[in-house]
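> how would this look folded up:
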Amino acid sequence: MIHIGTAGWSYPDWEGAVYPKGATATDRLRAVAEFLDCVEVDSTFYRPPTARTTANWVRRTADRPQFRFLAKAWQRFTHERQSVWSPAEQQLFTDGLAPLREAGRLDVLLFQFPWSFRNDTGNRDWLARIADQFAGWPVAIEVRHDSWTPDFCRDRQLIYCNVDQPQLSHCLPASAHVTAPVGYFRLHGRNAKNWFKEKQEVYGGRYDYLYNAAELDEVWGQIRQMAGKAQKTYAIFNNHKDAKAFSNALQLKLRAEPGAVVRGPVALLNRFPELQGAVQASGEEQLSLV
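Here you go, the predicted model:
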């Protein structure tokens, strides 16, 4: 029960690799659902979704009921901490996710905090408020500063998000903690040069990193450890620049499903030669809506 996917599915630099140029939003989601097990919704971090939008995601993947959604929590709950969110703000956000939840397609709601979010009394209280007010939701907590341990998640039976990130000052190292029935591992890449740059030279530059085979073997060992302790385990690649996340996700699927046929877009195989001979190429005509 290891599910492998990407953080987000709609990136301009994925055109011509994951889906054809000019692909609609629906075609882009369908392309990801065609080849991967799950997707982590990135847009919900920037703004609350509408119920109409999330209901459309359910409809567009209805023929793939095994395809799972994970969603990032709105930044109001994680990055805008000058004041506590209001009941109306929480209702706005959760109402938008309701169609995914009601369809049984939402497996994780990820509260992603920045490296600057340290383990102190005020921040522990903030996490406690999230745990209380989102009780009943599949809450996952991602912290990046090494002052944190999984204890809070374990005590509250929340999902602890293990992260692979550049090993810079006080950055949490990769781990294989499981604190709830769901295991969660996010791979951000190891671009140390760009990690703490406030202004990126190019879009997605912080996540411009391609894991090599040895690094994938390393993280695969940690994910397997998690899978031995969890009912379900999710591995999400966030190194999205130039579709590197999609390539690495297919490479991890080869490790997770030895002997099975792993398919990928033919254009992606052309961009990443390391996939050739291992991943079965699928033509662009197979990416359109059925």
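
> next, count neighbours for Phe196.
12 (other CB atoms under 10 Å). C-beta here means a position set from N, CA and C on the backbone, and glycine is covered the same way.

> isn't it right up against Leu168?
Yes - at 6.8 Å, Phe196 and Leu168 qualify as touching, with contact defined as CB atoms under 8 Å.

> what touches both of those two?
Between them, Phe196 and Leu168 share no contacting residue under CB atoms under 8 Å, 6 or more residues apart in numbering.

> so which strand or helix has Arg124?
Assigned by DSSP states H and E, Arg124 belongs to helix 121-133.

> residues in contact with the helix or strand that that helix is followed by?
Next in sequence after helix 121-133, counting helices and strands by DSSP H and E, comes strand 139-142. Applying CB under 8 Å, 6+ apart, the contact partners of strand 139-142 are 70, 108-113, 127, 130-131, 152-153, 158-161, 163, 182, 184, 186.

> could you give the bridge partners of the nearest residue to Ala227 once chain neighbours are set aside?
In this structure, Ala227 finds its nearest non-sequential neighbour in Thr233, 4.4 Å apart by CB to CB, 6 or more residues apart in numbering. Using DSSP bridges, the bridge partners assigned to Thr233 are Ile2, Gly183.

> how near is Thr233 to Asn162?
10 Å (CB to CB, to the nearest Å).

> for those two, list the residues in contact with both.
Gly183, Tyr184, Phe185, Met226.

> what about the last one, helix or strand, and which?
Going back to what we said before, that points to Met226. helix 213-227.

> need the contact partners of that helix.
Residues outside helix 213-227 that contact it (CB under 8 Å, 6+ apart): 1-2, 162, 164, 174-178, 183, 185, 187, 190, 211, 233, 235, 248, 251-252, 255-256, 274.

> can you pull the pLDDT of the residue of the chain positioned farthest from its centre?
Most distant residue from the mean C-alpha position of the chain: Thr121, 28.1 Å away (CA atoms, centre = their mean). With respect to pLDDT, Thr121 scores 97.

> what segments of the chain are helices?
25-35, 51-60, 87-102, 121-133, 151-156, 192-195, 213-227, 244-256, 266-271 (DSSP state H).

> what comes up buried for the fifth one?
To tie it back to what came earlier, the one meant is helix 151-156. Going by neighbour count (16 or more other CB atoms under 10 Å), the buried part of helix 151-156 is Phe152, Cys153, Arg156.

> now do the third one
Neighbour counts using 16+ other CB under 10 Å place Gln90, Leu92, Phe93, Thr94, Gly96, Leu97, Pro99, Leu100, Arg101 of helix 87-102 among the buried residues.
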